[in-house]
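[1] coordinates only, sequence not included:
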């Protein structure tokens, strides 16, 4: 199955670092992990959903052009946040839920990595109390 | 197409199907051919999460994919709520927390199903409490996440109750929702199904019931994919027609309703798929100044039942980093700061007690896949808001310095705003599609009642007008049960099994002797 993110990788990474600012410090291996987790989740989903995700990412790249005269990837972090906040609070359910889906994927890619669990201090262990 | 012949086929192996299988085990011992079909895989004891797994990238997502439909992220039709339901040997009993509560009398009375009395539900529920080793965890095993909930409630004058849970040898991994790594949770995968198999009941996994024909089920057996968890199916991959004298549908509210709908039963059962309820839920977090024990110990030890008065329930909970991140509203630095406070987070799950209303229902699309239509009614939104306000008060009473509330804008409420909770948490901020709402108590679709005009089955799970077809799962609920549902599912499945035993001589003929 063709990867979903590779054709829109720079835009995806700009969106992901706005959603999880710590992602900006990921090295190439870290990004590969994030994207592999997301691709794996998407592989089990209907093709239409994968197409919609790409369409949303492209839409978010172009959306700031009217307001700021620049694409999303060319904006500074504050403006990127403002763009996404407007989408998150949009009157259109379609946009709100599209963004919710995107942020869910970004969180899945970022926070299911053991490095992220260690960063935030999550220590669950199958051995339970004995591991403390 | 391959053909197989059985006397009784049970579709689903969770709280409903597993119970029926166990209750029919004596018949199997006596020579009646009983088959259980389970869509998910049979996970081996050495395949549950290990310490090493948790050091592996994507482990949380990978095991969720193995145990849940759509990895636990099944979306409603308008995309505003995710539904979590299990898909494994043991169904959702593999991934619940084992909280074991008897349905309240007021609920069974309100259901008004002729022939269904609360006393009977209670008696059967107690049978399964004993069978599943249900008990209260000793105080020394309760973590601070749970104890702070009790403390907050006490300081507010509210009485938190302890959940009886069905564990044996719980080590406190806190990983219940990803399947107990220590085999402690007494789901049907540990108790009823193994006993049924020992008695001669056959269980076939990776078996998806495609449709039901006259006294037959069309089944597709999936091959195990490389790297997938679980045993291969007991049967070779391919399609099968399984003929049986009695077919029991126990695939959960969504699975059972969709299966009957795509098999054409909706034409003469207008209520099929209707009456869907799910206890829509939010996750709330309160941040404390110091680390607390939260990601160790059983996650769900206490609850506050305000269902009768205010239509909500609060439960302690603790989720994994991704699930937590997804359920916090927003993104960016504020979201990250809260995630980095993980060791200091207290967590509460708020559940609204929704009601079966017109339009909230299960249908199937052209390909026969389930589609769940759900609209948040005013009553549900108001209940979630009341529950969120109550949770915020509990967090602050327990000493939290800030609270994250989805129905607040901005969602972070600082301690010095604690006297403005009613103002800060308001229904106008409940914006579907922006805030995360999820549900795991999926009910209805094949409700019990008097006849085809008001229901799909009678009080014993017999499908109206089709004596050989039975339902035995949470789809039977005519309305929400207003508490964690698995024990009620087992009680109703126990009744369905009793009716099958009684009707078997008539339905299966000379193979089965009439009961004494």
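    Sure thing, it's come through. What you are looking at is a predicted structure, and each value in this text was computed from that prediction instead of being measured.
[2] The closest residue to chain A within the stretch 401-516 of chain B: how many residues sit nearby?
    Residue nearest to chain A within the stretch 401-516 of chain B: residue B:433 (3.5 Å; CB to the nearest CB). All C-beta spots, glycine's among them, are computed from the backbone N, C-alpha and C. Using other CB atoms under 10 Å in any protein chain shown, residue B:433 is surrounded by 22 other residues.
[3] That one contacts residue B:81, correct?
    No - assessed by CB atoms under 8 Å, residue B:433 is found out of contact with residue B:81, at 9.7 Å.
[4] What about residue B:20, how many residues nearby?
    32.
[5] That one contacts residue B:248, doesn't it?
    Yes - with contact defined as CB under 8 Å, residue B:20 reaches residue B:248; the gap is 5.5 Å.
[6] quick revisit: residues touching the nearest residue to the residue of the stretch 401-516 of chain B closest to chain A once chain neighbours are set aside, list them.
    Nearest residue to residue B:433, sequence neighbours excluded (CB to CB, 6 or more residues apart in numbering or on different chains): residue A:96, at 3.5 Å. Neighbour list for residue A:96: A:87-90, B:431-434 [criterion: CB atoms under 8 Å, 6 or more residues apart in numbering or on different chains].
[7] helix/strand/coil for residue A:96?
    Assigned with DSSP: H, G, I helix; E, B strand; the rest coil, residue A:96 falls in the helix class.
[8] pLDDT wise, what is it at?
    At residue A:96, the pLDDT value in this model is 96.
[9] in stretch A:98-117, what's buried?
    A:98-114, A:116-117 (16 or more other CB atoms under 10 Å in any protein chain shown).
[10] meant to ask about stretch B:207-220
    So for stretch B:207-220, counting by 16+ other CB under 10 Å, buried means B:207-209, B:212, B:215-219.
[11] likewise stretch A:15-25?
    Per 16+ other CB under 10 Å, stretch A:15-25 contains these buried residues: A:15-21, A:23.
[12] and the residues you listed as JSON lines, adding secondary structure, pLDDT and distance to chain B?
    Conversion of the buried residues of stretch A:15-25 to JSON lines gives the following (DSSP: H, G, I helix; E, B strand; the rest coil; pLDDT from 0 to 100; distance: CB to the nearest CB, whole Å):
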{"residue": "A:15", "secondary structure": "helix", "pLDDT": "98", "distance to chain B": "10"}
{"residue": "A:16", "secondary structure": "helix", "pLDDT": "98", "distance to chain B": "10"}
{"residue": "A:17", "secondary structure": "helix", "pLDDT": "98", "distance to chain B": "10"}
{"residue": "A:18", "secondary structure": "helix", "pLDDT": "98", "distance to chain B": "7"}
{"residue": "A:19", "secondary structure": "helix", "pLDDT": "98", "distance to chain B": "4"}
{"residue": "A:20", "secondary structure": "coil", "pLDDT": "98", "distance to chain B": "6"}
{"residue": "A:21", "secondary structure": "helix", "pLDDT": "98", "distance to chain B": "6"}
{"residue": "A:23", "secondary structure": "helix", "pLDDT": "97", "distance to chain B": "10"}
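[13] Widest-spaced pair of those?
    A:15 and A:21 (12.0 Å; CB to CB).
[14] what sits up against stretch B:323-333?
    A:18-21, A:81, A:84, A:88, A:103-104, A:107-108, A:110-111, B:60, B:177, B:282-283, B:285, B:319, B:335, B:338-339, B:342, B:345, B:347, B:404, B:406, B:410-411, B:434-436, B:438.
[15] That one: how far from the chain's middle?
    Relative to its chain's centre, stretch B:323-333 lies at 24 Å (CA atoms, centre = their mean, to the nearest Å).
[16] Give me the average confidence score over that stretch.
    pLDDT averaged over stretch B:323-333 gives 95.
[17] Could you tell me the end-to-end distance of that stretch?
    Start-to-end span of stretch B:323-333 (CA to CA, to the nearest Å) is 18 Å.
[18] in that stretch, what's buried?
    Those buried within stretch B:323-333 under the rule 16+ other CB under 10 Å are B:323-332.
[19] Could you do stretch B:346-366 as well?
    B:346-357, B:360-364.
[20] Let me know the pLDDT of residue B:57.
    84.
[21] Could you pull out the helices in chain B for me?
    Using DSSP state H, the helices assigned to chain B run over residues B:15-23, B:25-29, B:59-67, B:105-111, B:118-131, B:144-156, B:192-198, B:252-262, B:307-310, B:321-327, B:332-339, B:378-397, B:421-424, B:486-508.
[22] can you tell me which of those the model trusts least?
    helix B:59-67 (a mean of 86).
[23] The spatially most central residue of chain A sits in which helix or strand?
    Nearest residue to the geometric centre of chain A (CA atoms, centre = their mean): residue A:106, 3.0 Å. Element membership of residue A:106 [criterion: DSSP states H and E] is helix A:93-111.
[24] residue contacts, the residue of the stretch 401-516 of chain B closest to chain A?
    So, once contact is read as CB under 8 Å, 6+ apart, residue B:433 ends up touching A:93, A:96-97, A:100, B:78-80.
[25] If any of those are buried, give me the ChimeraX selection for them.
    Provided next is the ChimeraX selection string for whichever of the contacts of residue B:433 are buried by 16+ other CB under 10 Å:
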select /A:96,97,100 /B:78,79,80
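[26] Going by distance to residue A:36, which of the contacts of residue B:433 wins?
    residue A:100 (22.2 Å).
[27] separation between the closest one and residue A:84?
    Distance, residue A:100 to residue A:84, by CB to CB, to the nearest Å: 11 Å.
[28] And the strands in chain A, which stretches?
    Using DSSP state E, no strands are found in chain A.
[29] List the contacts of residue A:131.
    A:123, A:125, B:51, B:296.
[30] Pick out whichever of those residues sits closest to residue B:462.
    Ranked by distance to residue B:462 (CB to CB), those are led by residue B:296 at 46.3 Å.
[31] Give the burial count for residue B:502, as a bare number.
    Neighbours of residue B:502 (other CB under 10 Å): 12.
[32] can you list the contacts of residue A:96 in a markdown table and add pLDDT?
    As requested, the contacts of residue A:96 are exported to a markdown table (pLDDT from 0 to 100):
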| residue | pLDDT |
| --- | --- |
| A:87 | 97 |
| A:88 | 96 |
| A:89 | 95 |
| A:90 | 96 |
| B:431 | 93 |
| B:432 | 94 |
| B:433 | 94 |
| B:434 | 94 |
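[33] Which pair of those spans the longest distance?
    Longest span within the contacts of residue A:96, CB to CB: A:87 and B:432, 15.0 Å.
[34] thought residue B:68 was touching residue B:83?
    No - in this structure residue B:68 lies outside contact range of residue B:83 using CB under 8 Å: 9.6 Å.
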